[in-house]
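In: All I have is the shape, not the residue letters:
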């Protein structure tokens, strides 16, 4: 606690996720005054066939 | 916003998901009076080994 | 199963939620060929202080 | 209802998940006085590259 | 990690949640071979107006 | 998309949430190369009676 679930369109590199994990944790530690060890960040990649906006799959928008 | 997460047993076709994405969005736009562009639908397929009912994995019920 | 979690900005009436629950279920039954009894819709109201877009709380955008 | 989402580091065997599904359901039925048929347990495996603690991916901690 | 999100119809007592938290954690520790300190259980109460089954709000089924 | 769900122990001020929303969005925009307008941050406050660690409610640990 805190738990941070990040849903992203698939395609982000491991390096980008490292940067996000570190950055998000730093923000929450600084703003929330919590112990870094208590901060969990969970990434969830979404395929373009798993996400729709305005009724249309992202895969179909390309 | 609104965000709609739909958890389904895996096996639905892309066409079925297209129909669900469109239909769910239309329902929310009509009933909720929101802008279609603000409606996100996220699909999550569940394998039969990832879902249990009454204490038993669906995979073991077949 | 299927489970549908709908996150909405707070303020929708009970009647609007009834219409969404019915409509979403009908869409999933028709498109997914599933038993209506197996479809659960869960509503989650979000206050304008609980949702941020582009780094700004919706409450601060008014 | 109740719905129980269990996020686990990947690597648990099917047998372990069977035991968890049965055990969690029994606990909820006994403590909550609910019908076993109404209890759903959903497992979500997380890769070590999808979970970070204290700003570092678990994959990078080994 | 593991994170266990438990969605329940509102009305369970604190004592029932204590029993569930303890029981679920014991099950996961035993079956999953994980450290008890790493197990988080998160309860989410749902009002009968927030949950629908077969297209009907639970509140309307009584 | 991206959607960031942040579960926090209740008690954080609105100002702290503003800082987190802004900071998290900036991190994701910079690291992920996404449009700020596409980033949603959703806060979920947890009461100490809704969260358990190592089988014990946080409310009972004080």
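Out: Yep, it's here. These figures come from a predicted structure and were not determined experimentally.

In: rest of the way, CA atoms for contacts and neighbours
Out: Will do.

In: got a list of what the residue of chain A found nearest chain B touches?
Out: Per CA to the nearest CA, residue A:55 is where chain A lies closest to chain B, at 4.1 Å. Counting by CA atoms under 8 Å, 6 or more residues apart in numbering or on different chains, residue A:55 touches B:18, B:21-26, B:36, B:39-41.

In: Of the residues you listed, which fall within the contact range of chain A?
Out: B:18, B:21-26, B:36, B:39-41 (CA under 8 Å from any CA of the partner chain).

In: and those as JSON lines, adding pLDDT?
Out: Below are the ones next to chain A among the contacts of residue A:55 laid out as JSON lines (pLDDT from 0 to 100):
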{"residue": "B:18", "pLDDT": "98"}
{"residue": "B:21", "pLDDT": "98"}
{"residue": "B:22", "pLDDT": "98"}
{"residue": "B:23", "pLDDT": "98"}
{"residue": "B:24", "pLDDT": "98"}
{"residue": "B:25", "pLDDT": "98"}
{"residue": "B:26", "pLDDT": "98"}
{"residue": "B:36", "pLDDT": "97"}
{"residue": "B:39", "pLDDT": "98"}
{"residue": "B:40", "pLDDT": "98"}
{"residue": "B:41", "pLDDT": "98"}
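
In: Please narrow those residues to those residing in strands.
Out: Among the ones next to chain A among the contacts of residue A:55, DSSP state E puts B:40-41 in strands.

In: coming back round to it: for the residue of chain A closest to chain B, give its distance to residue F:1.
Out: Distance of residue A:55 to residue F:1, given as CA to CA, to the nearest Å: 14 Å.

In: Same check on residue A:9?
Out: On the measure of CA to CA, residue A:9 and residue F:1 end up 7 Å apart.

In: So the two - more neighbours on which side?
Out: residue F:1 (20 against 16; other CA atoms under 10 Å in any protein chain shown).

In: For that one, which three-state class applies?
Out: Going by DSSP: H, G, I helix; E, B strand; the rest coil, the secondary structure assigned to residue F:1 is coil.

In: before we move on, what about residue A:11?
Out: coil.

In: which residues touch it?
Out: If you count contacts by CA under 8 Å, 6+ apart, then residue A:11 has residue A:45 around it.

In: For chain A, what lies in contact range of chain F?
Out: A:1-9, A:12, A:16-17, A:19-20, A:23-24, A:27-28, A:31-32.

In: could you redo the last one with a cut-off of 7 Å?
Out: A:1-8, A:12, A:16, A:19-20, A:23-24, A:27-28, A:31-32 (CA under 7 Å from any CA of the partner chain).

In: Poorly predicted segments of chain A, please.
Out: A:62 (pLDDT under 70).

In: Go through it and flag its longest helix.
Out: Longest helix in chain A by number of residues, with DSSP state H as the criterion: helix A:14-32.

In: Can you tell me the SS state at the most centrally placed residue in chain A?
Out: Taking CA atoms, centre = their mean, the centroid of chain A lies closest to residue A:6, which sits 2.5 Å from it. The three-state label given to residue A:6 by three-state DSSP is strand.

In: any idea how far chain E is from it?
Out: Distance, residue A:6 to chain E, using CA to the nearest CA, to the nearest Å: 15 Å.

In: Quick check, that residue in contact with residue A:46.
Out: No. Under the criterion of CA atoms under 7 Å, residue A:6 is not in contact with residue A:46, lying 10.3 Å apart.

In: Enumerate the positions of stretch A:41-48 that are buried.
Out: Buried residues in stretch A:41-48, counted by 16 or more other CA atoms under 10 Å in any protein chain shown: A:41-44, A:46-48.

In: From the rest of the structure, what touches it?
Out: Residues from elsewhere that reach stretch A:41-48 (CA atoms under 7 Å, 6 or more residues apart in numbering or on different chains): A:3-10, A:21, A:57-59, D:50-53.

In: One more: stretch A:26-33?
Out: With CA under 7 Å, 6+ apart, stretch A:26-33 has contacts from A:35-36, F:12, F:16, F:19-20, F:23-24.

In: what about 6 Å?
Out: Residues outside stretch A:26-33 that contact it (CA atoms under 6 Å, 6 or more residues apart in numbering or on different chains): A:36, F:16, F:23.

In: So in terms of bridging, what pairs with the residue nearest to the centre of chain A?
Out: residue A:43, residue F:4 (DSSP bridges).

In: That one and residue F:6 touch, don't they?
Out: No. With contacts counted by CA atoms under 6 Å, residue A:6 stays clear of residue F:6, the gap being 8.7 Å.

In: returning to what we had before: let me have the contacts of stretch A:26-33 in TSV, adding distance to chain D and neighbour count as columns.
Out: Below are those laid out as TSV (distance: CA to the nearest CA, whole Å; neighbours: other CA atoms under 10 Å in any protein chain shown):
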residue	distance to chain D	neighbour count
A:36	5	18
F:16	19	16
F:23	14	20
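
In: What is the nearest of the residues you listed to chain E?
Out: Checking those against chain E with CA to the nearest CA, the nearest one is residue A:36 at 14.8 Å.

In: Which residues are in contact with the closest residue to that closest one other than its chain neighbours?
Out: Among residues not flanking residue A:36 along the chain, residue D:54 sits closest, at 4.6 Å (CA to CA, 6 or more residues apart in numbering or on different chains). Residues near residue D:54 by CA under 6 Å, 6+ apart: A:36-37, A:39.

In: List phi and psi for residue D:54.
Out: Taking degrees, to the nearest 10, you get phi 50, psi 40 for the backbone angles of residue D:54.

In: cool, and residue A:11?
Out: phi 120, psi -10.

In: what about residue A:33, neighbour count?
Out: So residue A:33, with other CA under 10 Å, has 11 neighbours.

In: And residue A:20, by the same measure?
Out: 27.
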